[in-house]
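In: build me a model:
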Amino acid sequence: MKLARIMATGVVAAAALAVAALVGGAPAGAATAAAVAHSPAALRVISLRARANGRFVTAEHAGALPLIANRRAVGVWEEFDEIVLGGGNIALRAHADSRYVCAADAGRLPLIANRTAIGRWETFRLITNGDGSVSLKAAANGRYVSAADAGRLPLIANRTAIGTWEKFTLVAP
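Out: Below you'll find the model as predicted:
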């Protein structure tokens, strides 16, 4: 148990250094995204239920298509590893394809689980809202992830404020 705690602490510290290096907060070479990609720092398996429509977020078509909130139940495509990066930041690794969720093209394109390493586009700040819901703020562009059009459109990080479409319930399957 003690060894596991020490290992987890070291992995989280390495992940935090890697993210800081990617966003300009640590000296170059302090850590690499590749080191984070291979770290076992997943603290829990989660699913996200969109407050916009009450449906679960899925890595559609085994991760080949953008994330969308259109599932009534949780299966493998609706499960994600929450990777704690430190400083309130996380990454999400889809169980559908074991790839990281990305706010592609600096957040201009919908979220998709197609990355093999964690960088700035794969980093999100997890915000706990006053009503118990959570929101995700993309490090790629500083905007909130939205289940736009009441969840009928793919998730995208393009909102400047948190409303119903930007709120999710964390569910531990």
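
In: when you work out contacts or count neighbours from here on, use the C-alpha atoms and nothing else.
Out: OK.

In: residue 144 reaches residue 157, doesn't it?
Out: Yes. Residue 144 is in contact with residue 157 according to Cα atoms under 8 Å; the separation is 5.0 Å.

In: joint contacts of the two?
Out: 137-138 (Cα atoms under 8 Å, 6 or more residues apart in numbering).

In: the longest strand that the chain contains: what's the following helix or strand?
Out: Ranked by number of residues, the top strand in the chain under DSSP state E is strand 42-50. Where DSSP states H and E defines the elements, the next helix or strand beyond strand 42-50 is strand 56-59.

In: now do that following strand: everything it contacts.
Out: For strand 56-59, the surrounding residues in contact (Cα under 8 Å, 6+ apart) are 47-50, 65-74, 77-79, 94, 96, 112-113.

In: could you pick out the buried ones from the residues you listed?
Out: Applying 16 or more other Cα atoms under 10 Å to the contacts of strand 56-59, the neighbour count classes 47-50, 65-71, 74, 77-79, 94, 96, 112-113 as buried.

In: inside strands: which ones of those residues?
Out: Filtering the buried ones among the contacts of strand 56-59 for strands - DSSP E - leaves 47-50, 67-71, 94, 112-113.

In: what about residue 108, how many neighbours?
Out: Counted with other Cα atoms under 10 Å, the neighbours of residue 108 add up to 13.

In: do residue 58 as well
Out: For residue 58, the tally of surrounding residues (other Cα under 10 Å) stands at 33.

In: as TSV, the ones in strands among the buried ones among the contacts of strand 56-59 with pLDDT and distance to residue 87 would be great.
Out: As requested, those are exported to TSV (pLDDT from 0 to 100; distance: Cα to Cα, whole Å):
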residue	pLDDT	distance to residue 87
47	98	22
48	98	21
49	98	24
50	98	24
67	98	25
68	98	27
69	98	27
70	98	31
71	98	31
94	98	22
112	98	23
113	98	23
